[in-house]
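[1] Show me how the following folds:
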Amino acid sequence: MNLILLLDDDFVDEGRRVVLRGRRLHHVLDVHRADVGKELLVGRLGGRMGHGMITSLSDDSLEMEVALFHDPPEPLAVTLVLAAPRPKVLSRVVSSVASMGVKRIFLVNAWKVEKSYWESPRFNEDHLWAQLILGLEQGRDTTLPVIESRRFLKPFVEEELPRIIEGTTPLIAHPSAGEEFPRGKTGPITLAIGPEGGFIEDEISMFRRAGFRPVRLGERTLRVESAIPALLGRLL
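    Next comes the predicted model:
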């Protein structure tokens, strides 16, 4: 945890004093080994960042005086369209993309996506929210990404994506694409990434008709949890 993320319910007065319990308290005690008088990097979810000085500490609670004086980092100008990965992979991916600054994520269906994935508790809102929080803490950020699910790919690509990609460069990662994925590209990007083994050709054609350009990462075929940070890393 590189940032102690503060929620509205943590504040006990006019934005100056907070009380922490539970997971974040245990992290401060076990990892930071903090004591009264120590300053920690803090940020208010949806707000500014700064420092918090511990004023009181016990086994079940911690109090801090906080000063929030600077904005979170700029978001990565990427909208991610991601074919739903295996549930265990989803948790790691959501946390990872949140730490890298992605703020809008669409989880979509595809021919190679198992129907059972969508029924996993790892796809419910509370679990995804918890993974986003872990990612923000890792990346020292306070702006919560938005995740939306689309169980039907064809209407999403044909009816919604044309509006979503307006003003962006739409790219779709595809292992057999002839064009290499750009490095350090500026401007907003909408990036579509398929399931393990990639989108099938009919799906690639559908994305093409919507305006997407297929690109490849390189000669190696990577798992989804490896391909996503590799692709986003070229844009950071």
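[2] show me the residues around the residue nearest to F152 when sequence neighbours are not counted that make contact.
    Using C-beta to C-beta, 6 or more residues apart in numbering and skipping the chain neighbours, the partner closest in space to F152 is N109 (6.4 Å). C-betas here are computed from N, CA, C, even on glycine. By C-beta atoms under 8 Å, 6 or more residues apart in numbering, the contact set of N109 is 83-84, 118, 150-153.
[3] again with S99
    So S99 contacts 135-136, 138-139, 141 (C-beta under 8 Å, 6+ apart).
[4] Where helices are concerned, which of those count?
    135-136, 138-139 (DSSP state H).
[5] The spatially most central residue of the chain: helix or strand, and which one exactly?
    The centre of the chain sits closest to A98, judged by C-alpha atoms, centre = their mean, with a distance of 2.3 Å. Using DSSP states H and E, A98 sits in helix 87-99.
[6] thinking G52 is in contact with K38, fair?
    No. The pair G52 / K38 is not scored as a contact, 9.3 Å apart, by C-beta atoms under 8 Å.
[7] Can you pull the domain assignment for the protein?
    Following automatic domain parsing, the chain resolves into domains at 4-70, 78-233.
[8] okay, those domains in TSV with mean pLDDT next?
    Supplementary listing: the domains of the chain in TSV, determined by pLDDT from 0 to 100:
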stretch	mean pLDDT
domain 4-70	93
domain 78-233	92
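[9] what's the most buried one of those?
    For the domains of the chain, the largest average neighbour count (mean count of other C-beta atoms under 10 Å) is found in domain 78-233, namely a mean of 17.
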